[in-house]
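1. coords please:
(2 chains, ligands or ions: 2)
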Amino acid sequence: MAIDQQLTADVADFLFYEADLLDRRDWDDWLSLYEDDCLFWVPAWDDDTVLCENPDNEVSLIYLDDKNRLKDRVWRVNSGLSSSLLRMPRMAHLVSNVRIIEASAERILVHAKFQANAYKLDEYRVDFFFGDYQYELLPKDDSFSIKSKKVIIRNDIIPRQLDFFSV
Amino acid sequence: MKSDDIKWRVIDKPGETFKVHRSIYTDPEIYQAELENIYESNWVYVAHDSQLPNPNDYFTTMVGRQPVIISRDKTGKLHGFINACTHRGAKICRKKKGNAKNWSCPYHGWVFNPEGKILDIKSLDSAEFPDSFNMQDYNLTAIKVDSYAGFIFASLNTEVQSLEDHLAGAKVFMDLFNEQSTEGLEILPGTSMYTHHGNWKMQAENGVDGYHLDIVHASYLQLAALRAKEAAEAAGGTDSVKAIQPTNPDTSGGNYSLGNGHVMIWIDIPNFRERGLGLQYDDLVNRVGEGKAKWMAGRLRQVMIYPNVILFDGISTQIRHWRPLNHEETEVTVNCIAPVGEPVEARKRRLRQYEDFYGASGLATPDDLTEFDACQEGYNGITSPWQDFDRGMKSHIMGADEEAKHLGLEPDSSAPRAADESIYHGEYRQWLKLLLDGAD
Ligand code: FES
Ligand SMILES: [Fe+2]
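-> Ligands and ions are numbered 1, 2, ... in the order given. Predicted coordinates for the structure are as follows:
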């Protein structure tokens, strides 16, 4: 398949935009990127080499099966009731290796790599997760919307917290 | 440590007060004594049967500071060994789990079987060992391993009391957990590990702490209620989780001290029919009877088996166990456990409820971990050194209450609320006993 350079650039720009919204904690604009019937999924690892693939019979770290569940997480940040979320880390998401896996007029499958860096000022710590993003995007107006986002975390011992903004 | 350096840190005056000195969470010498006398002299939880179901399966983990192998031999019997080659000490099994008829050490190739017996020493003929050399002296170093109701424990102390004696009253609740399915329980694929700042004893306290629930988890409880309400009104709301909502632990439920440091809390769950097991409640009643079914499906139970595991059966079902990394850092391993042969819908429900609440990626656990961090920091304020566990002492009774009698349980003590802090007397009496037993 010939690489559609324009599409790749547009998709990459969209992923960078999503990452920036998370870093800037612009939750409303971040949510607006997602379809109502979206999936946000972070599977667990079964052991060193086996990733869980069946969320109905295997554990996921995060499995949010529509946009209301993403809104739940944002609600918790905004609620002021969660002590872990009252000490939000300063984040910088790096996104790279963006590749179009499949593209049609209906949908675009995209793979990318990420490293999400967290400076936890209250704890004097720096932590980061890295791994893979796998998106299903839908063409929408001049841009895209997110039908599903699967995040494969390669360093999965969790230092205290893993939430939607951590990856 | 000398017993005089330990004793004063727990003040136990029955009917009057129960206090611990906060140095027990911060003192590296206490931590060393705990490793030796609690983690490395006693039974600790290591695995569930379903993690090594077949002949020649093995599973590797840690007991205290020490790497161990848990193996199942060809007849199905469990064994345990220090995971260090008897030659020059290399770890022999290096994967989390596997299946092998024998284990060949990757360093110089000595070979052992899953019963720990040495089978081969490379180039033995040309070895020129002294005459006193006897190959059978090089079998792997065995540790004690035993299981109860599918839960596997290990001990580095070959003189340790039997596992059944150690588990004492906890066995009643392990049976209740295990009998939810006629086919037993299984750990579902997908393990998560997390680390936190905070002494390991905060894990042992917090998992049976009903008092913090509506404060630390206020966001979770409000969100669960809001979600249910919006889904009921249907205007765009959805609820695939159907989070369980227990009654108020400050005024209901109860707690038991089960002996040898084991303790548990329970609370009723009004919407228990939304639970994995609750979806099949009528079948369960037919099989085990109303009384038992109520305990299994209708009551949240969190059973702390001293010193390193809690069996959670309430919000969903979780085995949470931990090991201390040092006096102020802890590593926690969590698994979802479920009845074998569970219907698809119930399994899904169980998983969604599990992921929603538990684990460092859920909506509740990170808030607990934040409080451990805050306590560990606060404990450095050693000018204010004592804390008491007096809440609930007035209604705390020795022996069994009515509920315990129905269950056939003979607890050391019973109390009528899940939020009572007198529950910690059992833990810290055992803590003190083990440390004094091992003192100079
Ligand atoms: S260390 Fe195992 S064979 Fe040498
Ligand atoms: Fe909690």
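
2. find the closest residue to ligand 1 in chain A.
-> Proximity of chain A to ligand 1 (C-beta to the nearest ligand atom) peaks at residue A:48, 21.3 Å away. (C-beta placed from N, C-alpha, C; glycine too.)

3. leaving aside the residues adjacent along the chain, what's closest to that residue?
-> Excluding the flanking residues, the one nearest residue A:48 by C-beta to C-beta, 6 or more residues apart in numbering or on different chains is residue B:96, at 5.9 Å.

4. could you measure from the spatially most central residue of chain B over to chain A?
-> By C-alpha atoms, centre = their mean, chain B has its centre lying nearest to residue B:309, at 1.0 Å. When C-beta to the nearest C-beta, to the nearest Å is applied, the distance between residue B:309 and chain A equals 18 Å.

5. residue B:214 touches residue B:225, doesn't it?
-> No. With contact defined as C-beta atoms under 8 Å, residue B:214 does not reach residue B:225; the gap is 11.7 Å.

6. looking at these two, which is more packed in?
-> Higher neighbour count among residue B:214 and residue B:225: residue B:214, with 15 against 12, using other C-beta atoms under 10 Å in any protein chain shown.

7. OK, contacts around the more buried one?
-> B:221, B:248-250 (C-beta atoms under 8 Å, 6 or more residues apart in numbering or on different chains).

8. where does chain A get nearest to chain B, which residue?
-> Nearest residue of chain A to chain B, counting by C-beta to the nearest C-beta: residue A:59, 2.9 Å away.

9. ok, and the closest non-adjacent residue to that residue?
-> Here the residue nearest residue A:59, using C-beta to C-beta, 6+ apart, is residue B:190, at 2.9 Å.

10. which residues does the one you found contact?
-> Neighbour list for residue B:190: A:43-46, A:52, A:58-60, B:335-336 [criterion: C-beta under 8 Å, 6+ apart].

11. quick check: the two most widely separated of these?
-> Farthest-apart pair in the contacts of residue B:190 is A:43 and B:335; separation 15.0 Å (C-beta to C-beta).

12. and these two? which has more neighbours close in?
-> Ranked by neighbour count (other C-beta under 10 Å), residue A:43 and residue B:335 place residue B:335 first, with 26 against 23.

13. list the buried residues for the helix or strand harbouring the more buried one?
-> Following DSSP states H and E, one finds residue B:335 within strand B:329-339. Buried residues in strand B:329-339, counted by 16 or more other C-beta atoms under 10 Å in any protein chain shown: B:330-339.

14. looking at the residues you listed, which is nearest residue B:317?
-> For the buried residues of strand B:329-339, the nearest to residue B:317 is residue B:337 (5.2 Å; C-beta to C-beta).

15. isn't that closest one up against residue B:49?
-> No. With contact defined as C-beta under 8 Å, residue B:337 does not count as touching residue B:49 (10.6 Å).

16. give me the contacts around the lengthiest helix in chain A.
-> In chain A, taking DSSP state H as the definition, the longest helix is helix A:5-23. With contacts defined as C-beta under 8 Å, 6+ apart, helix A:5-23 is touched by A:27, A:29-30, A:33, A:91-95, A:98-100, A:103, A:108, A:110, A:112, A:114, A:133, A:135, A:137, A:143-144, A:146, A:164-165.

17. where does chain A have low pLDDT?
-> Applying pLDDT under 70 to chain A flags the ranges A:1.

18. what's the residue of chain B found nearest chain A sitting at in phi/psi?
-> Nearest to chain A, among the residues of chain B, is residue B:190, at 2.9 Å (C-beta to the nearest C-beta). Note on residue B:190: backbone dihedrals following degrees, to the nearest 10 are phi 110, psi 90.

19. model confidence score at it, please.
-> If you check residue B:190, the pLDDT there is 97.

20. ok, back up a step: please verify my assumption that the residue of chain A closest to chain B contacts residue B:354.
-> Yes. Residue A:59 lies in contact with residue B:354 (C-beta under 8 Å); the separation is 6.9 Å.

21. pull the contacting residues for residue A:74.
-> A:27, A:30-31, A:164.

22. count of neighbours near residue B:120?
-> When neighbours are counted by other C-beta under 10 Å, residue B:120 comes out with 12.

23. doesn't residue B:111 make contact with it?
-> Yes. With contact defined as C-beta under 8 Å, residue B:120 reaches residue B:111; the gap is 4.0 Å.

24. now do the helices in the chain.
-> This is for chain A. A:5-23, A:27-31, A:67-79.

25. my bad, the chain I had in mind was chain B
-> Going by DSSP H, chain B shows helices at B:3-7, B:28-34, B:163-167, B:170-178, B:201-206, B:213-216, B:218-233, B:281-288, B:290-293, B:344-357, B:365-379, B:402-407, B:424-437.

26. can I get those helices in a markdown table including distance to residue A:153 and mean pLDDT?
-> A markdown table is the format used below for the helices of chain B (distance: least, C-beta to C-beta, whole Å; pLDDT from 0 to 100):
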| stretch | distance to residue A:153 | mean pLDDT |
| --- | --- | --- |
| helix B:3-7 | 42 | 97 |
| helix B:28-34 | 31 | 98 |
| helix B:163-167 | 36 | 98 |
| helix B:170-178 | 30 | 97 |
| helix B:201-206 | 23 | 98 |
| helix B:213-216 | 25 | 96 |
| helix B:218-233 | 23 | 92 |
| helix B:281-288 | 37 | 96 |
| helix B:290-293 | 39 | 94 |
| helix B:344-357 | 14 | 97 |
| helix B:365-379 | 16 | 98 |
| helix B:402-407 | 42 | 93 |
| helix B:424-437 | 34 | 98 |
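
27. hey, which of those is tucked in deepest?
-> Most buried of these by mean neighbour count (mean count of other C-beta atoms under 10 Å in any protein chain shown) is helix B:201-206; its value is a mean of 23.

28. so what does that helix touch, helix or strand wise?
-> strand B:329-339, helix B:365-379, helix B:424-437 (3 or more C-beta pairs under 8 Å, 6 or more residues apart in numbering or on different chains; DSSP states H and E).

29. mind redoing it with 7 Å?
-> helix B:365-379 (3 or more C-beta pairs under 7 Å, 6 or more residues apart in numbering or on different chains; DSSP states H and E).
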